[in-house]
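Engineer: below: sequence and its predicted model.
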Amino acid sequence: MARMFTLKRSGMAIRSAAVYFNERKPSARQALSDLCALLRGKGVRVSVRRRTASDERPPLCDAAVVIGGDGTMLRAARALAGTGVPMLGINTGGLGFLSAVDMPSFKRSLGRILAGEFHVEERSMLSAEVRRGPRRVFGPHPVLNDCVLRACDQARAVTLLAYEGGRYIGTYFGDGLIVATPTGSTAYALAVGGPVVHPGLEALILAPICPHTLTQRPLILPAGEPVTIEFIRKNPQDRPQALVSVDGQVEHALRANDRVVITAFSKPVRLLFDPERSYYELLRTKLKWGERGGA
């Protein structure tokens, strides 16, 4: 079970912050200026990270503030994977499922945030890599939401063999397969009929994309064993047309008999949330549960 605690209780204080933002969004650029002024006015040292490339050295800071939508949060989470640095998301995008606040509420809550009163939620991550024979040709990449194997051509189906800890699960024939974390259960996996899984659980979800078998449903697995997905080619005359995607942002083309190996990442990511807002309130408001005409 993932832990939840406050910075104040753990003896942590925010004296320095790294700020990630989406350079392509005017709203994020404007929020960046306001945010830096607010933090520096409170005596917080600020470093602006204009890129979240995987090869960039993680910053030395007490917390990270991420301005943008869920995509910016996913990039920052992978950049900070393994550091233990807590992340606070300020949503200037669309859904903002991973963000704790919007800009107006951030200004109102800044004192509580710096005092360490926000909750730290630990969310499990995965690690994904591609093996071609004995060689590793892609990764390992940390995964916060999901790892997706899918057909490159929308008019073609792919055949995927799934294993858990070496035990054969089954064959998936269709548009692809999503391997999601509990955090990612409300993303792409939800759109293909997957379950909502509480992010405090240590689990992963296998959710087929348009399977050609009516009874092949999403499957929840414990997170302890590695999951291997093998891309096979039934017709030797076909050219392989599949790829693997990490959090929808990092992709790699697959060849026949390539294996995507997915394991639990060594450390969870830490997200900051308002303790007055529960996960269930997040589901109700973001997914519009109970509203007529809602999602």
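Structural biologist: On my side now, so go ahead. Numbering: from 1, shown residues only.
Engineer: the longest helix along the chain - contacts with which helices or strands?
Structural biologist: The residue-count maximum for a helix in the chain (DSSP state H) belongs to helix 26-41. Here helix 26-41 touches strand 16-21, strand 45-49, strand 63-68, helix 103-114, going by 3 or more C-beta pairs under 8 Å, 6 or more residues apart in numbering; DSSP states H and E. Just so you know, the C-beta spots here come from the backbone N, C-alpha and C atoms, and that holds for glycine as well.
Engineer: what about 6 Å?
Structural biologist: strand 16-21, strand 45-49, strand 63-68 (3 or more C-beta pairs under 6 Å, 6 or more residues apart in numbering; DSSP states H and E).
Engineer: flag every buried residue along the helix or strand containing Ala128.
Structural biologist: If you go by DSSP states H and E, Ala128 is part of strand 126-132. The neighbour-count check on strand 126-132 (16 or more other C-beta atoms under 10 Å) flags 126-131 as buried.
Engineer: re the thing from before, just name the most buried of the helices and strands packed on helix 26-41.
Structural biologist: strand 63-68 (a mean of 28; mean count of other C-beta atoms under 10 Å).
Engineer: please enumerate residues in contact with it?
Structural biologist: Contacts with strand 63-68, where a contact means C-beta atoms under 6 Å, 6 or more residues apart in numbering, come from 14, 17-22, 28, 31-32, 72-73, 76, 80, 85-90, 92-93.
Engineer: alpha carbons only: can I get that strand in PDB?
Structural biologist: Written as PDB, here are the backbone C-alpha positions of strand 63-68 (Å, rounded to 0.1, in the frame of the first residue of the first chain):
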ATOM      1  CA  ALA A  63      10.000  20.300  -4.300                       C
ATOM      2  CA  ALA A  64       9.100  20.600  -7.900                       C
ATOM      3  CA  VAL A  65       6.300  22.800  -9.200                       C
ATOM      4  CA  VAL A  66       4.800  21.800 -12.500                       C
ATOM      5  CA  ILE A  67       2.800  24.300 -14.600                       C
ATOM      6  CA  GLY A  68       0.700  22.900 -17.400                       C
END
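Engineer: what's around Gly133, how many residues?
Structural biologist: Residues lying near Gly133 (other C-beta atoms under 10 Å) number 9.
Engineer: likewise for the one 3 residues further on?
Structural biologist: Other residues near Arg136 come to 12 when the count uses other C-beta under 10 Å.
Engineer: the chain should start at 7 in everything you say after this.
Structural biologist: Sure thing, new numbering starts at 7, so read that last one as Arg142.
Engineer: need the contact list for it.
Structural biologist: Listed by C-beta under 6 Å, 6+ apart, the contact partners of Arg142 are Glu135.
Engineer: and if you look at Cys216?
Structural biologist: 180-181.
Engineer: so where's this protein shaky on pLDDT?
Structural biologist: 7-18, 57-64, 240-246, 299-301 (pLDDT under 70).
Engineer: where do the domain boundaries of it fall?
Structural biologist: 10-130+273-293, 132-270 (automatic domain parsing).
Engineer: just to revisit the earlier point, for the buried residues of strand 132-138, give me TSV that also has distance to Ile73.
Structural biologist: Below are the buried residues of strand 132-138 laid out as TSV (distance: C-beta to C-beta, whole Å):
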residue	distance to Ile73
Leu132	25
Ser133	27
Ala134	27
Glu135	30
Val136	32
Arg137	37
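Engineer: which two from those end up farthest apart in space?
Structural biologist: Taking C-beta to C-beta as the measure, these span a maximum distance of 15.6 Å, between Leu132 and Arg137.
Engineer: so which of the helices and strands packed on helix 32-47 gets nearest Val256?
Structural biologist: strand 22-27 (16.5 Å).
Engineer: chain center to the closest one, what's the gap?
Structural biologist: Relative to its chain's centre, strand 22-27 lies at 19 Å (C-alpha atoms, centre = their mean, to the nearest Å).
Engineer: and that strand, what other elements does it pack with?
Structural biologist: helix 32-47, strand 51-55, strand 69-74.
Engineer: need these in CSV (columns: distance to Gln247).
Structural biologist: What follows is those, written out as CSV (distance: least, C-beta to C-beta, whole Å):
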stretch, distance to Gln247
helix 32-47, 36
strand 51-55, 36
strand 69-74, 32
